[in-house]
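Colleague: heads up, no residue letters with this:
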């Protein structure tokens, strides 16, 4: 059974999640402060983390930053009443795998947990370690991109978005396709997060490399 770390300081919500997750076949563990959550996550026996933003010591964004900075790759679903696009982008930019605003349906939460725990297909042995297109090169292993012979560091989401473009050069990709490939099918289709991250990429790769196809999406030229 998969172990779920609940990082939440409200006893009512913690009790609700604990009982529900047990009934759904998970093993819940609880941390009511950010520092306790970091300590427990570093032990390495957690399969997924449900992370509240509003915590009594350090907020969930800081917890996430410290975990990713220390090499913890455990999937993280952020749970918060702060549902603005800016907050979602901040969470995803910091390395969160999903973002679920409160109040939420418990069945939806369980579905998202199972989605994030689903094993990813291993890359084929023949898959190249570097994707190249004209003067761009994307190194899958180091997760960096080379632009005009200069290596540029990308955030996790920027890299995932760049990889989708590099695997489909010259192809027009809709916002829905990019959302599905980078953020997951369950992400809000009305969000402008794709446009935000395309803007980030243009700043690092060069504005002329990502073309806007009006009313459709974007294309790597």
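Modeller: Alright, I've got the coordinates. Computed from a predicted model, the values in this text were never measured in an experiment.
Colleague: Just the helices from the chain, written as ranges.
Modeller: 11-23, 34-42, 60-69, 85-93, 106-117, 156-167, 175-178, 193-205 (DSSP state H).
Colleague: In the shortest one, which residues are buried?
Modeller: What that stands for is helix 175-178. 175, 177-178 (16 or more other Cβ atoms under 10 Å). Placement of C-beta: from N, CA and C, glycine included.
Colleague: Per-residue pLDDT of residue 63, please?
Modeller: Here, the pLDDT recorded for residue 63 equals 92.
Colleague: what separates it from residue 54, distance-wise?
Modeller: 11 Å (Cβ to Cβ, to the nearest Å).
Colleague: Could you do residue 60 as well?
Modeller: For residue 60, the distance to residue 54 - Cβ to Cβ - is 7 Å.
Colleague: shared neighbours of the two, anything?
Modeller: Residues touching both residue 60 and residue 54 (Cβ atoms under 8 Å, 6 or more residues apart in numbering): residue 80.
Colleague: what's the nearest residue to the spatially most central residue of the chain if we skip its chain neighbours?
Modeller: Computing the C-alpha centroid of the chain and ranking residues by Cα atoms, centre = their mean puts residue 97 first, at 3.0 Å. In space, and not counting its chain neighbours, residue 97 is closest to residue 75: 4.5 Å by Cβ to Cβ, 6 or more residues apart in numbering.
Colleague: How many residues are close by the one you found?
Modeller: 18 (other Cβ atoms under 10 Å).
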